[in-house]
Every structure is written in structure tokens, then in C-alpha cells.
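Q: here you go, sequence then predicted model.
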Amino acid sequence: MVGGLWMVGVLFCLAGVAAQAAIWPDQLGGSAKTSSRAVQLAHRALWDEYGLDQAEQAVYDSAGRQFVATAYRLKDSTGAFAAFQWQRPATAQASKLESLAVETPDSVLVAYGNYLLRFEGWKPQVSDLAGLVDRLPKLEKSALPTLTGYLPSANLVPNSERYVIG
């Protein structure tokens with residue numbers, strides 16, 4: 001009986017590990033993953049409000065060129081949309097990678113389904129992103145909030161969804 005209970009405990013622990021399976025693949029954009037770790041979050045209460053499920057950061061290397069990729073998996077696409085608005089750098093410009101994507105000279109931020117993806121030190125091509133999103137675990141692609149498409153552009157704070165009312 002004790003052996004059976006021990007085996008159940010082991011299976012329960014393995015199920016917990018599988019639930020937090022790796023987000024990042026071993027290869028990305030011709031680079032090999034050299035390490036990955038869970039992300040230590042500042043503002044944990046806000047991430048929880050947005051519905052954060054898992055966050056993982058990976059380092060990739062190809063011929064001495066390294067970049068860092070960070071993924072935040074949220075419970076739904078609305079949470080990813082809100083996190084994208086919050087995390088979008090003030091100096092970012094629109095990117096053609098995806099409808100919710102911006103870039104700076106050395107980084108890219110993309111919201112796709114229930115994921116927020118950040119690439120630092122490398123800008124993926126559309127084909128790199130397409131190959132990645134097909135393999136994201138627990139991907140959920142519900143419709144995004146449509147309100148922002150109806151808001152006027154007058155008085156919009158540049159690079160935000162905020163308005164100056166005066």
C-alpha cells in the first residue's frame with residue numbers, strides 16, 4: 001500500500017512539472033537555446049490581474065550572436081492585449097510582424113493570442129514568428145477587444161491607448 005501511495009505522489013509531481021512545460025523551443029531563427037528559466041516578476045499583482053499563467057525566458061546563441069526571448073502566457077487574449085499596452089516601450093514603433101507588434105532599435109514586443117513575446121537583441125522575421133506560434137503550448141486565440149478600433153486619434157498620447165482630456 002505504501003508503495004502505491006508513493007507512486008501516486010510521484011505521478012502527481014510529474015503532472016505538475018508537465019503543466020509548467022517549456023514555452024521556448026530548442027531552436028529559433030537558426031539559433032540554439034542555451035538556457036531557460038522562469039521569469040522573476042516585478043509588479044506581480046498586476047500580472048495576476050491580467051491573468052498571467054506562466055513566464056519563461058530563454059537565451060539563444062548562433063555563432064556567438066546571442067539574444068534573449070521572454071514569453072508571458074496569460075489566461076486569454078484580452079490579458080495579453082492589456083499586458084502589451086502596459087509593456088509597450090514609449091519609444092517603440094509599429095512592426096509589421098503582427099497586428100499587435102512594436103519594435104525599438106534592439107527589441108520587439110508581440111502580442112499573439114494569449115501570449116506576450118519579447119525579443120531582445122534580435123528581430124524575428126515573419127517566418128520565424130509563424131514557425132514559433134504554431135508550437136506555443138496552451139495557445140488561445142479568442143477575439144481581441146474592439147473598442148480601440150473605434151476611438152478617435154485626436155488627443156491620443158503617442159504610442160499609447162491613452163487620451164489627454166483638458
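A: It's in.

Q: quick check: mean pLDDT of the helix or strand containing Gly79?
A: According to DSSP states H and E, Gly79 maps onto helix 77-87. For helix 77-87, mean pLDDT rounds to 94.

Q: downstream of that helix, the next helix or strand is which one?
A: Beyond helix 77-87 toward the C-terminal end (DSSP H and E), the next one is strand 93-94.

Q: next secondary structure after that next one?
A: Assigned by DSSP H and E, the successor of strand 93-94 is strand 101-104.

Q: how many neighbours does the closest residue in space to Glu140 that isn't next to it in sequence have?
A: Leaving aside its chain neighbours, Glu140 sits nearest to Asn114 (4.3 Å; criterion: Cβ to Cβ, 6 or more residues apart in numbering). Yep, even glycine has a C-beta here, placed from its N, CA and C like the rest. Neighbours of Asn114 under the rule other Cβ atoms under 10 Å: 24.

Q: give me the pLDDT for Asn114.
A: 97.

Q: circling back: could you check the helix holding Gly79 and say which residues are buried?
A: For helix 77-87, a neighbour-count test (16 or more other Cβ atoms under 10 Å) marks Ser77, Thr78, Gly79, Ala80, Phe81, Ala82, Ala83, Phe84 as buried.

Q: can you tell me what sits against stretch 78-92?
A: 46-47, 50-52, 72, 74, 100, 102-104, 107, 109, 111-116, 118, 142, 144-145, 159-161 (Cβ atoms under 8 Å, 6 or more residues apart in numbering).

Q: quick check: end-to-end length of stretch 76-95?
A: For stretch 76-95, the first and last residues are 22 Å from each other (Cα to Cα, to the nearest Å).

Q: just how off-centre is that stretch within its chain?
A: Mean C-alpha position of stretch 76-95 versus that of the full chain (Cα atoms, centre = their mean, to the nearest Å) differs by 10 Å.

Q: ok, stretch 51-65 next?
A: On Cα atoms, centre = their mean, the centre of stretch 51-65 falls 10 Å from that of its chain.

Q: now do that stretch, average pLDDT.
A: Per-residue scores along stretch 51-65 average to 95.

Q: how about it: buried residues?
A: Gly51, Leu52, Asp53, Gln54, Ala55, Glu56, Gln57, Ala58, Val59, Tyr60.

Q: many thanks, we can stop here.
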